[in-house]
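[1] Here's a sequence, model it:
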Amino acid sequence: MNVLDPHQTRREAVIRYLDADFQIVREGDHVRCASSGKAIPLTDLRYWNVSLQQPYGSAEAAFRERVRSGS
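    This next block holds a predicted model:
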């Protein structure tokens, strides 16, 4: 997969979130923020919840979801 190829179709990746790392289950160039629904490029993915297996676009979104879920 070449992320610089402008002809590459955008595809949502399937990720297995681990402690301090993640595994790509199905290749793609982005995932969707569990809080906002916005696309997060894999190169910018920094925040996720291992227990819920959910990605977040920012620290604020991750914190807000953690408070809301009570975990």
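[2] And the pLDDT for the residue nearest in space to the middle of the chain?
    In the chain, the centroid-proximal residue (CA atoms, centre = their mean) is residue 55; its distance is 3.7 Å. pLDDT, residue 55: 98.
[3] Residues contacting the helix or strand harbouring residue 25, please?
    Per DSSP states H and E: residue 25 is located in strand 21-26. Contacts with strand 21-26, where a contact means CB atoms under 8 Å, 6 or more residues apart in numbering, come from 13, 14, 15, 16, 42, 45, 48. In this view, the C-beta of every residue, glycine as well, is placed from N, C-alpha and C.
[4] Now do the helix or strand bottoming out on mean pLDDT in the chain: which elements does it pack against?
    The weakest-scoring helix or strand in the chain, judged by mean pLDDT, DSSP states H and E, is helix 59-69 (a mean of 92). Packing partners of helix 59-69 (3 or more CB pairs under 8 Å, 6 or more residues apart in numbering; DSSP states H and E): strand 47-49, strand 54-56.
[5] I'd say residue 12 and residue 30 touch.
    Yes. Assessed by CB atoms under 8 Å, residue 12 is found in contact with residue 30 at 6.1 Å.
[6] would you turn the helices and strands packed on helix 59-69 into TSV with distance to residue 65?
    Converted to TSV, the helices and strands packed on helix 59-69 look like this (distance: least, CB to CB, whole Å):
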stretch	distance to residue 65
strand 47-49	7
strand 54-56	6
